[in-house]
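# one predicted model, sequence on top.
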Amino acid sequence: MTYKTLTSKNLALEKTSKMLKDEDEVIRTYLTALRMKLAETTGISNDEQNVLYLKLDNEVVWYGKHQESLSSAATLEDLVDSAKKVADKYQTTEILIYQTLGTILSGKEINFRDQLNNKIQQFKEKIGEIRQRGDKDTALAERWLLEAENRLTRSQEKQFTAQQILAKIKSSDVNKNQSYNKAQFALEESHQYLKEANSYLKEVIREVKSAN
């Protein structure tokens, strides 16, 4: 651009085209990897998973077509315009990326919480049998179970908070990563509550096993 020679312009055109093609390829590859991660994550409903699959696939197609269109660019100005299109498009792509990441993290929490909830129901039945037989005082074990259930509720509330944060991200937001970080922190808090619930269930086991 500085020398304004045909050779320098052709070289700049070639280098810029390659850079933009590589940029498209990086985004396509990342979106594909994200889709694969989503597919192997349990705890996500089929409907939610399918909606995200469709959105991710559409994004991959868009960047693929844009990548192909770069070969027909005749001038640097054409490539600059093309780069602006990607920049504008990525504003919405970034939202999808963060929401998909949030869904993957939430799926793990849902799966863990379901496992704990199943254990709680099993323990309730077992403790009920012990209480009916009069084998031992079950009051303490029942309190531990109640504490575990409370932690599950708090975990679910934190997960809902994270989902709300992610749902409110806008393409005009300058620092979308800050919203994602807040959502991620809420999910970490959700996970901590689940760990506490699990520790309470261990106390239930110890209490049931111990003699009066």
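Looks like it arrived, so ask away. Numbers count the residues shown, from 1 in each chain.
# what about the helices in this protein?
6-39, 46-69, 76-133, 139-167, 176-209 (DSSP state H).
# buried set for the second one?
Of the residues in helix 46-69, those buried by neighbour count under the rule 16 or more other C-beta atoms under 10 Å are 49, 52, 55-56, 59-60, 62-63, 66-67. Every residue, glycine included, has its C-beta placed from N, CA and C.
# residue 155 - nearest residue in space that isn't next to it in sequence?
residue 193 (3.8 Å; C-beta to C-beta, 6 or more residues apart in numbering).
# how about that neighbour, what does it touch?
151-152, 154-155, 158 (C-beta atoms under 8 Å, 6 or more residues apart in numbering).
# quick one: the residue lying closest to residue 89 once chain neighbours are set aside from residue 55, how far?
Residue nearest to residue 89 in three dimensions, not counting chain neighbours: residue 62, with 6.6 Å by C-beta to C-beta, 6+ apart. Distance, residue 62 to residue 55, using C-beta to C-beta, to the nearest Å: 11 Å.
# so which bits of stretch 103-122 are buried?
103-110, 112-113, 116, 119-120.
# over to stretch 167-177?
Residues of stretch 167-177 classed as buried by neighbour count (16+ other C-beta under 10 Å): 169, 176.
# could the helices of the chain be laid out in JSON lines, adding mean pLDDT?
Listed next are the helices of the chain as JSON lines, based on pLDDT from 0 to 100:
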{"stretch": "helix 6-39", "mean pLDDT": "92"}
{"stretch": "helix 46-69", "mean pLDDT": "96"}
{"stretch": "helix 76-133", "mean pLDDT": "93"}
{"stretch": "helix 139-167", "mean pLDDT": "95"}
{"stretch": "helix 176-209", "mean pLDDT": "94"}
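# how close does the spatially closest residue to residue 197 that is not a sequence neighbour sit to residue 207?
Leaving aside its sequence neighbours, residue 197 sits nearest to residue 151 (C-beta to C-beta, 6+ apart; 3.7 Å). Going from residue 151 to residue 207 by C-beta to C-beta gives 17 Å.
# the more surrounded of the two?
More crowded of residue 151 and residue 207, by other C-beta atoms under 10 Å: residue 151, with 23 against 19.
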